[in-house]
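Student: Here you go, sequence then predicted model.
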Amino acid sequence: MKGRRAEPDPIFAEQRLADIYDALDPDRSDLDAYAAIVGELGARSVLDLGCGTGELALRLAADGIDVIGVDPAAASLRVAQAKPHADQVRWIRGDATTLPDGRVDLVLMTGNVAQVFVADGEWESMLRGVRDALAPGGHLVFEVRDPAQRAWDRWTPEGTRRRIDIPGVGVVESWCRVTDISGDLVSFRWTFRFERDGVERTSNSTLRFRSREEIARSLSACGFDVVEVRAAPDRPGLEFVFIAAARSQGRPATIVLNRAEAERR
């Protein structure tokens, strides 16, 4: 599978949808684990790749971390830049192939970011770009959904429908529907209905559900050692959190797939 991903999905790139993104998903307790990992790894500089509306980047900046937020969607970045502590973050519109000069201690990808790289070429380009952006001893941390759990079976209008009254916007109803499943690629469409003016907007997305073993192999091939694979605390049994270290030149790859194995080593 070759090729490059085009523009970001409308849910992130269309301003009317980016403006309501946080209101539709207000509980960001999922970010607690990543803030803890930053401290655990002793990172003082972090690049938040696919930072979206900036919730994690701003939280880390408020804690005194040197943060760079990178995202291809200008609309999402505009939302991020209007929030408290935004002046403490370096915001860049771009992707993993256009990362800034300089090295960081840690690169983070939260949410579904790691799964939007659907083609092998763009996934590998992202990993190599991240590898080049990391300081010696730096880490890459990201989460992916476990394909064995078939999350897409729950992406139905009945299971995802929400109706939220957003200040200044009015009631917005939203729901999701899977539109195609092809191997490890799952495509789906979010629909948003703005009741105040009756306008509907849609956002089509495709995610790739790579296996844990496939991800570990690709990380090794692109210059990383997998240190640990954890369960996502907010979704136990549903997701993997990969912690990978940028490999020192000449050091052989070490793939560790769980905490118990890491402790034995």
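Tutor: Now that the structure is in, tell me what you want to look at.

Student: Beta-bridge partners for the closest residue to Met109 other than its chain neighbours, please?
Tutor: Excluding its sequence neighbours, the residue lying closest to Met109 (C-beta to C-beta, 6 or more residues apart in numbering) is Phe142, at 3.8 Å. (Glycine included, C-beta is placed from N, CA and C.) Legend: beta-bridge partners of Phe142 under DSSP bridges are Met109, Phe242.

Student: Spit out the contact partners of Phe142.
Tutor: Counting by C-beta atoms under 8 Å, 6 or more residues apart in numbering, Phe142 makes contact with Leu108, Met109, Thr110, Val113, Ala114, Val241, Phe242.

Student: hang on, isn't the last one packed against Glu143?
Tutor: Looking back up the chat, that one is Phe242. Yes. Between Phe242 and Glu143 there is a contact under C-beta atoms under 8 Å: 7.5 Å.

Student: okay, now Val38: neighbour count?
Tutor: Residues near Val38, counting by other C-beta atoms under 10 Å, number 22.

Student: Quick check on it: phi, psi?
Tutor: Taking degrees, to the nearest 10, you get phi -60, psi -50 for the backbone angles of Val38.

Student: cool, and the one 10 residues further on?
Tutor: Backbone dihedrals for Asp48, given as degrees, to the nearest 10, come out at phi -100, psi 100.

Student: Next one: it from Trp190, what distance?
Tutor: 23 Å (C-beta to C-beta, to the nearest Å).

Student: Can you pick out the residue with more neighbours from these two?
Tutor: Neighbour tally, Asp48 and Trp190, criterion other C-beta under 10 Å: the higher count belongs to Asp48, 31 against 20.

Student: Grab the nearest non-local neighbour of the more buried one.
Tutor: Leaving aside its sequence neighbours, Asp48 sits nearest to Ala57 (C-beta to C-beta, 6+ apart; 4.3 Å).

Student: quick one: which helix or strand includes the one you found?
Tutor: Using DSSP states H and E, Ala57 sits in helix 55-62.

Student: Much appreciated, bye for now.
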